[in-house]
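**Student:** fold the following, please.
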Amino acid sequence: MSISLFLLFILLNIIKPIHTAIQRLPSISLLEQSTIGTSIYDLSRVYSSSSSKNTIQFSFLSDSSPHNSFFMIDSLTGRISIKRMIDREELCQTHTCNCERCLLTLELIASSQTVDILSLDIVIENINDNQPIFPVSTFQIRLSENTDIGHVSSFPSATDLDYQDHLEYRIVPIDKTNNQELLETFSIINLQTENQLGLRLLKSLDREKRNLYQMKILASDGEHTGELLLDVYILDSNDNVPKFEHEQYHIKLKEDTTIGTELFQIHADDKDEGLNALINYTIITDNPSSSFPFEINIRTGIVKLIQLLDYEYETNYHFSVRARDNGPDAVSVYTQVQIDILDVNDSPPDIDFILPDSNPQKNIFYIEEEKEINTRLFHLSVSDKDSVNNKILLKLLTYQNLFQLNEQYNDLYNLIIIGRLDREQQEEYKLIFEATDQGAERSLTIQKNITISLIDINDSPPILDPFPTPIRINENNPSNIRLIQFHARDLDAPNTSNSLLSYSLLPSNDSRFFHINSQSGILSVGNISFDYESKSIYNLILNISDHGTNPKRLETIQPLIIHINNINDNIPIFEQKSYVFQLAENVPIGTLIGQVKAIDSDLNSTIHYELSSSEYQDIFYLDYLTGQLHTKALLDYETHPIYHLNITAKDNDIFYSDDVLVTIELLDINDNSPIIDTSSSIYISNEILQKNISEIILITTIIARDRDSGKNGNLTYEIINNNENNYFQINSFNGTITAKLINLPQGHHRLTIKVCDQGEYLEQKCSTTILNIQIGENSNTLFYSKDNLIDKKLVNDDQTISNEMVIVVIISSIFTLVFSITMGIFCAVFCKQKRCHHIHRSSLKTPCELLQSSDADKLLSTNNTNTFLSTNKKLTGHHYHRPYEDIKASGSAASSEDSCYGSNDLSRSSSNVQGVARPLLTQQHRSSSLSSTSVDYAVPTPRQQSIYTNKINIVPVHQSSTDTNVEHSQPQQLKTFNSPGISSSSNHYNLKKTVHSLTRRPIVGLQSSYLPYDSIDTPPSPPNHSSATSTTSREYSI
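**Tutor:** Reported below is the predicted structural model:
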C-alpha cells in the first residue's frame, strides 16, 4: 500500500500540485456488527471553512485496500458509511487487524484545485456476540480402574471468538442420582495450555462397580454457554485371577478307550471382562508331547484322548492344567488332574531270555558242544503286562528230547540239557517256546524262539587217509627229494583252528634226517644223503595235530618205517672238529683225561686211534680202540701249562682217516710254596737316620715269588715274631717294611717274616725268613729273645697244619679201607664159588677156561697159543708186547692156569673209575703157590722212563665187556719190581701188613679199590712141583 501511495503521490504531483502533506484525522471507534449503511464519519466537517467546499471530491486512495472494502464514501459529501458487516473475530482470524487492538485505516483523497491525502483510523470495538464453542460435541476418556488418584486426563477446551472473554467451566452430571459421586470422583483443572483442559481423578476407580461416568462440561462467558458431552469409561485392569470349579480332577479311564473321546471339561471363572476374562487352558506335564495321550481345548477346557492308552505302558497320568486370561499382567492358576488307566486283557504274555552279558546276540545263545547232561544253559522269565492275569504257562515246543524246561520260581524257568549235543551231527537248534496267559474273557498266546548255536570244541582227532607202504629210498640219494604226501582230515568246524592240521615228525634220532611240510604233508629227505652202512632202517613217527586248544590239542600218531638200500662209501669222522680237555696238574699217572671218538658209518668197520704227536708219546697214552687219553707222566702246570696233540682215526682201510686237534689245558693247583729272595741282614747307620727327614723310614722290602698262578701266586706278608712293640710295620701286599723314627730304638732287631699265598685254607702254603736289622752303631742291645721263640711258633703252626692234614688223611683212609674190605669180601665170595681144587694142570684146564671171558685172558693163557697170537696180531702196531716166551724166561715157572685168580673176574672186582688203575693179577701173578718169598707191587711208572723199554715188564690187559657192541676198555700199564725176600713161614703175616700199610696211604684223586690179603685164598700146591717153586716171585696189583 505504501508503494501505491507513493506512486499516487507522484502522479498527483505531476498532474496537480499537492497542497499539503498527508493529514491524519482523529481516530474513531466502531462497534463490530454495526448496521450496514451506518454513517461513521463526515469529511465535509474537515473542509467546512474552505471556500471551495462545493468543488472538493472525495475518494479512497486505493480501491484494493482490504480496509476500504468494509466502507464506502460519498465523493461529494465525504460521508463515510458501513459497506458490509464488520466482524472483529473475522478480522482477527484473517489477520486483517491486530486481535488486541483491531484498527482499520482508511486512506482518502480530497481533491479540488489541490489534492489532500487524508488518513482515518477506525478502531473496531468488540461486542459479546459469540458463545463458547467446544471443538467437538462429545468426547470420551478411558481410564484403567487401577489408575492412581490425581491422574489428569486432558480433553478439548471451548473457544470464544469474542476477544478477551473469560470462560468458566463446570461439570454437570447427566444422571442426577449419582451427582454427588461424580463430583467426588472428577474435577476440572486448567492445564495452562491452549485448547486443553484437564480432568483430575479424585478417588480410586473400580470397574466391577461402575464402568462408565457420563457428564456435561459447560463453558460460560457470562452471557453465552457452550457444552461438551464427556463420557469417562473405566477400563478393566485385570485385577482378578481365574478360579477353577474344582481344585483337582480324578478320572478313571479304560485303556481301550477310542481316540477322539472327550473325557471331561475343566472350567475356570474370571470376574474381569474382555481379554482379561478370556481364559486359555494349557496342559503342563513332564511327559514328551509325542507320547502324551491327552490334549485340552485352549478355549473350552475340554480334555480329549488323542492316542491309544496302554495300561501295560502307563497305569496312570498326573498332570496340571493351567488357566490364564489374556489381559496384561495375567496371573496363571493351576489345577491337578489324575487319570487312572483301567487294565483290560489286551497284552499277550512276554518271554524274556536271561542270557549272560558275554553273549553277543540276544536271539542266539552260544554254548560249547558236548556239554554234560543236566547242564543249565540260561534262565527264562515270563511276564504279562496285564494285571488281570495270575498265572502264565510256558512250554517248549521243539527238541524236547535234548532240552528241558524246569520251573524254579513263579514265572522263572531254566533250560537244561538232557541229551548229547554234537556239533558234527547238528550245528544249530531252533528252540520255540510258547507262553499262554489266563485271561478271564480270553487267553492270549505268544511264541518266541531262540537259536542254540554249538561252539565247536576240539573233540575230533585228525584222521589219516591210507597211504602206500613200505616207504623206500636208495642210499646216496640227492638231498631234499620228495618221498610221499600224506593227507588227513578233521571233522571239527572247517576253517577254524580245530580243523587246521599240521604235519610234523616227532623228534628222534631218525627224524632229523627228514622234513615234512607242516601244511601240505609232503615228506621229503633233508639235506642229507643216506648211507646204508650207517643205518638201513629209519623209524619215524608221524604226528598230525590240529591247532585247537579247547579242551586240548588233538594228535594222531602214525609210525613210519623208511628202508634204505645199501651202498658202501664212508670214512671215519671225529665227532668234534677239536677237543679241549682241562686237567689239574700233578694228577696220578694213568688218569683219564678224556676221550675222542670218530664215527664210521660203514658196517663192520673198526676204528683205530693213533697219537700223531711223537714228542708227547712219553707223556700221554692213547687207547688204540676206545680213543681214551691217559697220562703216562706227572704233569706240571708251571713247566708246561698247555699241550696240543694230533690224533688220527683210521678204519680198516688205511687210506680212510681223519685227524683232530686235542688241546689239554692244565689247571693250576697250589703246589708251590713262596720263595723268599730277600737278604737276611739289614744295617741302618746313624748317618742314614740323621739324613732321613721324614717321620717314617723305609727299612727294606721283602722280595718273594710263587711259581703258582692266580690267587695261588698272590702273596701276603706278615711279621709274626719279635715285633711286640710294633717298632716295625709291613705292607701286607708288597712286603715293604717301615718304622717310625720316634719310637725306633737303636740296637739289634730280629724279625720273623711270614709270606703266604692265597690258596684255599687247607691248600695254603707259607714260607718264613729271619730278618736281622741293626739300627745305628752305638748300641748292641738285643730286642729279641734268645730262646728261639720263633721255632716254637713255627712248630705250633706246623702242628696245627699237621693235625688238620691228619684228620683228612684218617677220614680218607677209613673210607678207602671200608671200600676195599667190601670189594675184597665180594671178590673172595665170588672166587670161592669158582675155586678149582685140582692137583694136576690138566685137571685145572676146563674150569679155569670157563672163567676166561675176554681176549686178555686168552692172551695170558699158556694152553692156547693160537688165541694169544691171533689177539696179538690185532694189537700189533699200536701197543708193544713182550711175547709170552719172554715172560716165561724172566723167571716165572708156574702156569697161569694154576689158579682161578688168573681170570679177568678178579680184575673186574676192582673199581672201574676212569683214570684209576685196576688192581689186576697178571700172568706173572698166577703162580701155583702163595708161599712166595717175594711180593711184587704195581706202582705208577715214573715220567722219565719210557714204558716201551725192555727193562720194564709191561702187560697190557684188555677187559672184555658184555655189551653186544663190544666196547674196549683201556689197557693198564703197570711197572713191577721185586720186594726183598722173606721167609715162607712169615709170608702171610708180612704180606697182610704190607697191604694194610699201603691202604692207609691213599693218593689224592686216585680212587682205587685194593684187594686185601685176607680175601685171597691160597690154593693147594701141586704135588709134582718141587720145593724150588716156593721161591718163585709173586706179583700183585694194589
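
**Student:** quick one: the helices in the protein?
**Tutor:** Secondary structure of the chain (DSSP state H): helices at 2-15, 88-93, 179-185, 686-691, 789-833, 841-851, 855-860, 865-875, 884-889, 904-907, 987-999.

**Student:** shaky segments in this structure?
**Tutor:** 1-21, 49-54, 163-165, 388, 440, 566-569, 603-604, 761-762, 786-804, 833-1038 (pLDDT under 70).

**Student:** can you give the domain ranges for it?
**Tutor:** Using the TED database, the domain ranges for the chain come out as 23-125, 138-235, 248-342, 350-455, 463-565, 573-667, 675-776.

**Student:** dump these to JSON lines, plus distance to residue 806 and mean neighbour count.
**Tutor:** The way it works is simple: take the backbone N, C-alpha and C, and place the C-beta from them, glycine included. Formatted as JSON lines, the domains of the chain follow (distance: least, CB to CB, whole Å; neighbours: other CB atoms under 10 Å):
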{"stretch": "domain 23-125", "distance to residue 806": "168", "mean neighbour count": "16"}
{"stretch": "domain 138-235", "distance to residue 806": "135", "mean neighbour count": "15"}
{"stretch": "domain 248-342", "distance to residue 806": "106", "mean neighbour count": "16"}
{"stretch": "domain 350-455", "distance to residue 806": "75", "mean neighbour count": "15"}
{"stretch": "domain 463-565", "distance to residue 806": "53", "mean neighbour count": "15"}
{"stretch": "domain 573-667", "distance to residue 806": "21", "mean neighbour count": "17"}
{"stretch": "domain 675-776", "distance to residue 806": "12", "mean neighbour count": "16"}
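
**Student:** would TSV of those domains with distance to residue 783 be doable?
**Tutor:** Output for the domains of the chain, formatted as TSV (distance: least, CB to CB, whole Å):
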stretch	distance to residue 783
domain 23-125	162
domain 138-235	136
domain 248-342	116
domain 350-455	95
domain 463-565	79
domain 573-667	39
domain 675-776	5
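
**Student:** the strands in the stretch 651-800 of the chain, which residues?
**Tutor:** Counting by DSSP state E, counting those that start in this stretch, the stretch 651-800 of the chain has strands at residues 657-667, 675-676, 681-684, 696-701, 704-705, 715-721, 728-730, 736-740, 747-757, 766-775.

**Student:** in a markdown table: those, plus distance to residue 620.
**Tutor:** Formatted as a markdown table, the strands of the stretch 651-800 of the chain follow (distance: least, CB to CB, whole Å):
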| stretch | distance to residue 620 |
| --- | --- |
| strand 657-667 | 8 |
| strand 675-676 | 30 |
| strand 681-684 | 48 |
| strand 696-701 | 43 |
| strand 704-705 | 30 |
| strand 715-721 | 33 |
| strand 728-730 | 45 |
| strand 736-740 | 45 |
| strand 747-757 | 29 |
| strand 766-775 | 33 |
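
**Student:** looking at the ones you listed, which is nearest to residue 240?
**Tutor:** Residue 240 lies closest to strand 715-721 among the strands of the stretch 651-800 of the chain, at 121.9 Å (CB to CB).

**Student:** identify the residue spatially nearest to residue 247, adjacent ones excluded.
**Tutor:** residue 335 (6.2 Å; CB to CB, 6 or more residues apart in numbering).

**Student:** contact partners for the one you found?
**Tutor:** Going by CB atoms under 8 Å, 6 or more residues apart in numbering, residue 335 touches 244, 246, 247, 248, 249, 266, 268, 320, 321, 323.

**Student:** so of these, which ones are in strands?
**Tutor:** Members of those lying in strands (criterion: DSSP state E): 244, 248, 249, 268, 320, 321, 323.

**Student:** out of the residues you listed, who's nearest residue 667?
**Tutor:** The closest of these, once distances to residue 667 are taken by CB to CB, is residue 320, at 105.2 Å.

**Student:** so that closest one touches residue 282, yeah?
**Tutor:** No. Contact status for residue 320 versus residue 282: not in contact, 9.1 Å apart, counting by CB atoms under 8 Å.

**Student:** quick one: the closest residue to residue 246 other than its chain neighbours and residue 322, what's the gap?
**Tutor:** Spatial nearest neighbour of residue 246, chain neighbours left out: residue 335 (6.7 Å); criterion: CB to CB, 6+ apart. Using CB to CB, to the nearest Å, we find residue 335 at a distance of 8 Å from residue 322.

**Student:** how about residue 431?
**Tutor:** Counting by CB to CB, the gap between residue 431 and residue 322 amounts to 54 Å.

**Student:** show me what the residue nearest to residue 246 is bridged to.
**Tutor:** Note on residue 335: beta-bridge partners residue 321, judged by DSSP bridges.

**Student:** what's the closest non-adjacent residue to residue 338?
**Tutor:** residue 250 (5.0 Å).

**Student:** so who does the one you found touch?
**Tutor:** Residues near residue 250 by CB under 8 Å, 6+ apart: 337, 338, 340.

**Student:** quick check, the first one in contact with residue 316.
**Tutor:** No. Residue 337 sits out of contact with residue 316 when judged by CB under 8 Å, with a separation of 10.7 Å.

**Student:** quick check: phi and psi on residue 129?
**Tutor:** Backbone geometry at residue 129, expressed as degrees, to the nearest 10, gives phi -110, psi 0.

**Student:** next one: the one 5 residues further on
**Tutor:** In this entry, residue 134 is assigned phi and psi values of phi -80, psi 150 (degrees, to the nearest 10).

**Student:** contact partners for the closest residue to it other than its chain neighbours?
**Tutor:** Leaving aside its chain neighbours, residue 134 sits nearest to residue 228 (4.2 Å; criterion: CB to CB, 6+ apart). Residues near residue 228 by CB under 8 Å, 6+ apart: 134, 136, 137, 138, 139, 155, 156, 158, 216, 217, 219.

**Student:** need the contact list for the first one.
**Tutor:** Residue 134 is in contact with 156, 157, 158, 159, 217, 219, 226, 227, 228, counting by CB under 8 Å, 6+ apart.

**Student:** from residue 134, how far off is the fourth one?
**Tutor:** Taking CB to CB as the measure, residue 159 falls 8 Å from residue 134.

**Student:** surely residue 540 touches residue 511?
**Tutor:** Yes. Contact between residue 540 and residue 511 holds when scored by CB under 8 Å: they sit 5.7 Å apart.

**Student:** give me the common contacts of those two.
**Tutor:** Shared contacts of residue 540 and residue 511 (CB under 8 Å, 6+ apart): residue 505.

**Student:** narrow the contacts of residue 134 to those in strands?
**Tutor:** 156, 217, 219, 226, 227, 228.

**Student:** tell me which residues touch the second one, please.
**Tutor:** Applying CB under 8 Å, 6+ apart, one finds that residue 217 lies in contact with 134, 155, 169, 170, 171, 172, 188, 197, 227, 228, 230.

**Student:** let's go with 6 Å and repeat that
**Tutor:** Contact partners of residue 217, counting by CB atoms under 6 Å, 6 or more residues apart in numbering, are 169, 228, 230.

**Student:** do the same with the fourth one
**Tutor:** When contacts are counted by CB under 6 Å, 6+ apart, residue 226 touches 131, 132, 133, 134, 158, 219.

**Student:** can you check residue 400 too?
**Tutor:** For residue 400, no residue meets the contact criterion (CB under 6 Å, 6+ apart).

**Student:** same thing with the one 3 residues further on?
**Tutor:** Residues counted as contacts of residue 403 (CB under 6 Å, 6+ apart) are residue 415.

**Student:** if we go to 8 Å?
**Tutor:** By CB under 8 Å, 6+ apart, the contact list for residue 403 reads 377, 396, 415, 416, 417, 418, 419, 429, 431, 452.

**Student:** what do you get for residue 530?
**Tutor:** 473, 474, 475, 476, 477, 513, 538, 564.

**Student:** ok, which pair from those residues is furthest apart?
**Tutor:** 476 and 538 (15.1 Å).

**Student:** if we can go back for a sec, for the residue nearest to residue 134, list each beta-bridge partner.
**Tutor:** residue 217.

**Student:** quick one: distance of stretch 752-763 to the chain centre.
**Tutor:** In terms of CA atoms, centre = their mean, to the nearest Å, the centre of stretch 752-763 is found 58 Å from the chain centre.

**Student:** right, I'll leave it there.
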